[in-house]
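Participant: A structural model of the following input is requested.
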Amino acid sequence: MKVFDAHSDIWTDVTIKRMKGETNVFHNHHFERLQKGGVEGTILVLWVDPPHTRDYEKRTKEIFSCVSDEIAEAKDFRIVRTYDEMMKAREEGVFYIMIGVEGMAYASYDPTFKKFDEYYDFGARHGMLTWNEENGFGHSAASGSTEGLSELGKQAVRRMIDRKMIVDTSHLNEAGFWDIARIMDGRPFIASHSDCKKFSSHPRNLTDDQLRAIRDANGCVGLNAWNEFLDNDPAKGDINRLADHCEHMIDVMGIDHVGCGFDFCGFLGDPNDPEVYSGMDAVTAGLEDASKIPGLFEILRNRGMREDEMQKIAYGNFHRIVKDVVG
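Facilitator: Okay, the predicted model is just below:
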């Protein structure tokens, strides 16, 4: 089963390792695992990782530099900016990457939008207004805030619409989510890596009403393998529970609105440095990394899902989003 993963933090690992002098990070640390899991393409996000959130501008410039250098020497992947470029790479058997943004704090206090435009000019065709922080655009799900988007944040969404960028509500709080739903006014938007409140009350998960709003906009939600999102009881948060989330999303939204956004982070972090962001303890039993993705589809197959339905979840639905939004 070929898979398009709508959310990955590999650019962060590229930045961390290149800042330490490594090169060809994607090839040396990631490509084999992705191939084993059937991943043919992905959205890789530009994300300012703790503790570098102390200086968003400095870290964003470092990310731009490191990712540019990685792209310049790449032999295993191709950057794509349109649906046609994505399909051409796919037909040629080349791993394809669309650049996204996870958290726009760097640009969120600039009313001229010059910093925002730097993301687009760098190649980003996808974006989230926040990560886990509050910034000049809005409030994250982790913030606990009940406030919606700022006026500048609403302008940012409209700018994304004008630029044909995919608007992503993952990490945004619920009030901001509904602001985006109103601004989009029926246009497709997504939650690239979120799960269902039905099984876990984690603030990053979505209510059934939110799922239906994404459905009604012809959007898509990506299944997230982060273990804290899977069940209120950590003992139940395994690959089978993620399959339950998939089935619930289908029950609420229909088969055309569920995709993959696994958010694998087990490669990030340093156990000897508690300040460095770590995803090492976030792995899900049975779905520890990208190489284990086929196991999820085997569970869905055993539960009676047809091959054509699984193909929609694996890549088809998010391909449609890219075609409809980015063009």
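Participant: Now do the helices in the protein.
Facilitator: Remark: helices assigned in the chain by DSSP state H are 10-19, 25-29, 31-36, 56-72, 83-91, 114-122, 151-162, 174-184, 208-216, 239-253, 293-302, 307-311, 317-321.
Participant: Could you save these as a markdown table and add columns showing mean neighbour count, mean pLDDT and distance to Val45?
Facilitator: C-beta: built from backbone N, CA, C; applies to glycine. Converted to a markdown table, the helices of the chain look like this (neighbours: other C-beta atoms under 10 Å; pLDDT from 0 to 100; distance: least, C-beta to C-beta, whole Å):
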| stretch | mean neighbour count | mean pLDDT | distance to Val45 |
| --- | --- | --- | --- |
| helix 10-19 | 22 | 96 | 6 |
| helix 25-29 | 17 | 97 | 14 |
| helix 31-36 | 17 | 98 | 16 |
| helix 56-72 | 17 | 98 | 10 |
| helix 83-91 | 16 | 98 | 17 |
| helix 114-122 | 17 | 98 | 11 |
| helix 151-162 | 18 | 98 | 15 |
| helix 174-184 | 20 | 98 | 18 |
| helix 208-216 | 18 | 98 | 19 |
| helix 239-253 | 21 | 98 | 21 |
| helix 293-302 | 18 | 98 | 19 |
| helix 307-311 | 14 | 98 | 24 |
| helix 317-321 | 23 | 98 | 14 |
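Participant: Can you add distance to Phe262 and give those helices back as JSON lines?
Facilitator: Below are these laid out as JSON lines (distance: least, C-beta to C-beta, whole Å):
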{"stretch": "helix 10-19", "distance to Phe262": "12"}
{"stretch": "helix 25-29", "distance to Phe262": "17"}
{"stretch": "helix 31-36", "distance to Phe262": "11"}
{"stretch": "helix 56-72", "distance to Phe262": "20"}
{"stretch": "helix 83-91", "distance to Phe262": "19"}
{"stretch": "helix 114-122", "distance to Phe262": "23"}
{"stretch": "helix 151-162", "distance to Phe262": "24"}
{"stretch": "helix 174-184", "distance to Phe262": "21"}
{"stretch": "helix 208-216", "distance to Phe262": "18"}
{"stretch": "helix 239-253", "distance to Phe262": "9"}
{"stretch": "helix 293-302", "distance to Phe262": "7"}
{"stretch": "helix 307-311", "distance to Phe262": "15"}
{"stretch": "helix 317-321", "distance to Phe262": "12"}
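Participant: Nearest to Leu44, out of the ones you listed?
Facilitator: helix 10-19 (4.7 Å; C-beta to C-beta).
Participant: quick one on the thing from earlier: among the helices of the chain, which comes closest to Asp270?
Facilitator: helix 10-19 (8.9 Å).
Participant: From the chain's centroid, how far away is the closest one?
Facilitator: Relative to the chain's own centre, helix 10-19 is displaced by 17 Å; criterion: C-alpha atoms, centre = their mean, to the nearest Å.
Participant: Would you mind giving the orientation angle of it with respect to helix 56-72?
Facilitator: 90 degrees (axes from the mean of the first three to the mean of the last three C-alpha atoms, to 10 degrees).
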